[in-house]
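>>> Generate a structure from the sequence data that follows.
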Amino acid sequence: MKKVFAAILCLFVLCGCESREAELKQRIYDELDSLSTKLESPGSNRMKGYYSYYLPQGIKQRDANSLSEVFVKDGYRLIMNFDPSAVVIKNYYTKSEENEEDAKTAASMNQEQVAKLTKVQMQEQENKTLYTSNYMNADRELFPYTLQLIKSEGAYLVYLDGSLVKLYTYLPAAAVPSTLRSMYLLMTSISYDKDKVLNDFSLKSLTAAKKQNLDYLQSHLPSSGSLEELLNPKSEEGNGDVIEEEQSDKKNKQEEEK
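From the prediction side, this is the model:
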């Protein structure tokens, strides 16, 4: 009798977990579907050499270089990488006539037309859920994006590839919707200096830029090399702020500044 009761209890627990996961996935879909219809740009409150963006309230900048930034929201790390290759490809490796037509179309689209192009598609894979669609950045250009939601050790790795920018975070289920809204706002608020990007990033320098991003991430990796630990380190007691970087990280930063 006890074994039967235990089996029934386990079944209820499993059903409850699956139900919560299904609710989270559907909530993310609804959130993206709602966000995609908003045409108003919030403007920008952060200016960088190659791009500008809007940093939402509740997010603090932790660290940065010319192409990458580390933010902190609710005690969890959020990494954003600007990818100049998306600008180069858009301007040099697609037909100029198509670019001009796309620009004219995007600039004159109404909300109904935007809704059709930004309709979200959700796909379940073996260990992750994919959400794909298009978005309009602050310059009213259309870019594709893919959101990957991957469950790992009771929390979720959220990877938003917006072509121009790529954002990563790792956090518990309860924090995903709020952080996703901030990630989407960061992505759609991006405006870039096309002439400066095209002038500075040839094929050779694009390779160097990707290496710079990898080196930057590597300098922030913990000793275990865990991506979850990178994005979700322990917080200080009582304030939720992320703990200070290890001494090796400070040394790397000092060497970069030289």
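
>>> Can you check my assumption that residue 62 lies in a strand?
Yes. The assignment for residue 62 by DSSP: H, G, I helix; E, B strand; the rest coil puts it in a strand.

>>> Contact partners for it?
Contact analysis of residue 62 by C-beta atoms under 8 Å, 6 or more residues apart in numbering lists 70-72, 77, 242. The C-beta positions use only the backbone N, C-alpha and C, and glycine is treated the same way.

>>> Tell me the most packed of those, by neighbour count.
Neighbour counts for the contacts of residue 62, by other C-beta atoms under 10 Å, peak at residue 71, which reaches 24 neighbours.

>>> Correct me if wrong: that residue contacts residue 58.
No. Residue 71 lies out of contact with residue 58 (C-beta atoms under 8 Å); the separation is 10.0 Å.

>>> Secondary structure class of residue 160, three-state.
Following three-state DSSP, we place residue 160 in the strand state.

>>> And for the one 10 residues further on?
Following three-state DSSP, we place residue 170 in the strand state.

>>> Can you name the next helix or strand after the helix or strand hosting residue 31?
Using DSSP states H and E, residue 31 maps to helix 2-35. For helix 2-35, the following helix or strand on the C-terminal side (DSSP H and E) is strand 46-47.

>>> Direction included, what does the next helix-or-strand element following that following strand pair up with?
Scanning forward in sequence from strand 46-47 by DSSP H and E, the next helix or strand is strand 51-53. Strand pairing for strand 51-53, using DSSP bridges, gives strand 46-47 (antiparallel), strand 191-192 (antiparallel).

>>> Give the rounded mean pLDDT of strand 51-53.
Here strand 51-53 scores 96 as its mean pLDDT.

>>> What lies in contact with that strand?
The contact list for strand 51-53, computed with C-beta under 8 Å, 6+ apart, reads 44, 46, 82, 138, 164, 186, 189-193.

>>> and if you look at stretch 36-47?
If you take C-beta under 8 Å, 6+ apart as the criterion, stretch 36-47 is touched by 52-55, 61, 111, 114-115, 118-120, 133, 135-136, 138, 185, 188-189, 191.

>>> and if we set it to 6 Å?
Residues outside stretch 36-47 that contact it (C-beta atoms under 6 Å, 6 or more residues apart in numbering): 52-55, 111, 115, 118, 138, 189.

>>> May I see the PyMOL selection of the buried members of the residues you listed?
Here is the PyMOL selection string for the buried members of those, based on 16 or more other C-beta atoms under 10 Å:
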select buried, resi 52+53+54+55+118+138+189
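
>>> Mind picking the one among the contacts of stretch 36-47 that's closest to residue 179?
The closest of the contacts of stretch 36-47 to residue 179 turns out to be residue 55 (C-beta to C-beta; 13.7 Å).

>>> number of nearby residues for residue 60?
Look at residue 60: counted by other C-beta under 10 Å, it has 12 neighbours.

>>> And the pLDDT at the closest residue to it other than its chain neighbours?
Distances taken as C-beta to C-beta, 6 or more residues apart in numbering place residue 72 nearest to residue 60, at 5.0 Å, with adjacent residues excluded. Looking at residue 72, its pLDDT reads 95.

>>> Nearest to residue 35 among the contacts of residue 62?
Residue 35 has its nearest neighbour among these in residue 71, at 18.6 Å by C-beta to C-beta.

>>> Ignoring the adjacent residues along the chain, who's closest to residue 82?
Excluding the flanking residues, the one nearest residue 82 by C-beta to C-beta, 6+ apart is residue 67, at 4.9 Å.
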